[in-house]
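Novice: Pasting the sequence and the predicted model now:
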Amino acid sequence: MKIKRIDHVGVIVASLERAQSLIGDGFGLEAIRQVKREELMATFFQCGGADVEMIEVTDSEMREQRLGLGREARVEHIAFEVESLDEALVALADLGIETTGPPQQSPAFTSVWTKPETSGGVVYQFLERRSS
């Protein structure tokens, strides 16, 4: 498997507004993209060659699962960009690492997520970007 770079680090936060204020205004990182779905809102901040994704989960059940009770924030996942997702899947299987399901498609990339109980307690996202 050829990992090209860290694409982003995903952080679940209790308040996206507070996170945007700290990361954007306080730290001076530029907000480059926002995502709004029924169950979550996220803002990506550019930081060198990788991004920081701040995620507020709006669905209460999913929020408790992903953030936990009484927490302000937690690093949830590290996303690696790979040259070939197919090769990454073979390498992950050879390592005994399972994914949460089949590859998911988005307009910009295809990705999989690891089950943390099979990947050293860490959730990793492996993604292959589409050519522009």
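Specialist: Received, thanks.

Novice: shaky segments in the chain?
Specialist: 132 (pLDDT under 70).

Novice: The helix or strand containing residue 45 pairs with which strands?
Specialist: Residue 45 belongs to strand 40-47 when assigned by DSSP states H and E. Sheet pairing for strand 40-47, assigned by DSSP bridges, gives strand 30-36 (antiparallel), strand 50-57 (antiparallel).

Novice: got the contact list for that strand?
Specialist: For strand 40-47, contacts defined as Cβ atoms under 8 Å, 6 or more residues apart in numbering pick out 8, 16, 19-20, 23-24, 29-35, 51-59, 62. The way it works is simple: take the backbone N, C-alpha and C, and place the C-beta from them, glycine included.

Novice: In PyMOL, how would I select just the buried ones from these?
Specialist: Listed next is the PyMOL selection for buried residues among these, using 16 or more other Cβ atoms under 10 Å:
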select buried, resi 8+16+19+20+23+29+51+52+53+54+55+56+57
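
Novice: which element is residue 63 on?
Specialist: helix 60-67.

Novice: Let me know the outermost residue of this protein.
Specialist: residue 94 (23.1 Å; Cα atoms, centre = their mean).

Novice: how close does that one get to residue 84?
Specialist: Here residue 94 is placed at a distance of 14 Å from residue 84 (Cβ to Cβ, to the nearest Å).

Novice: Please enumerate residues in contact with the helix holding residue 63?
Specialist: 12, 13, 14, 39, 40, 55, 57, 73, 74, 76.

Novice: Residue 7 versus the residue nearest to residue 4 when sequence neighbours are not counted, what's the distance?
Specialist: Nearest residue to residue 4, sequence neighbours excluded (Cβ to Cβ, 6 or more residues apart in numbering): residue 81, at 4.6 Å. Distance, residue 81 to residue 7, by Cβ to Cβ: 4 Å.

Novice: list residues touching both of the two?
Specialist: What both residue 81 and residue 7 touch, as defined by Cβ under 8 Å, 6+ apart, is the set residue 127.

Novice: Can you tell me which of the contacts of helix 60-67 are classed as buried?
Specialist: Applying 16+ other Cβ under 10 Å to these flags 12, 13, 14, 40, 55, 57, 73, 76 as buried.
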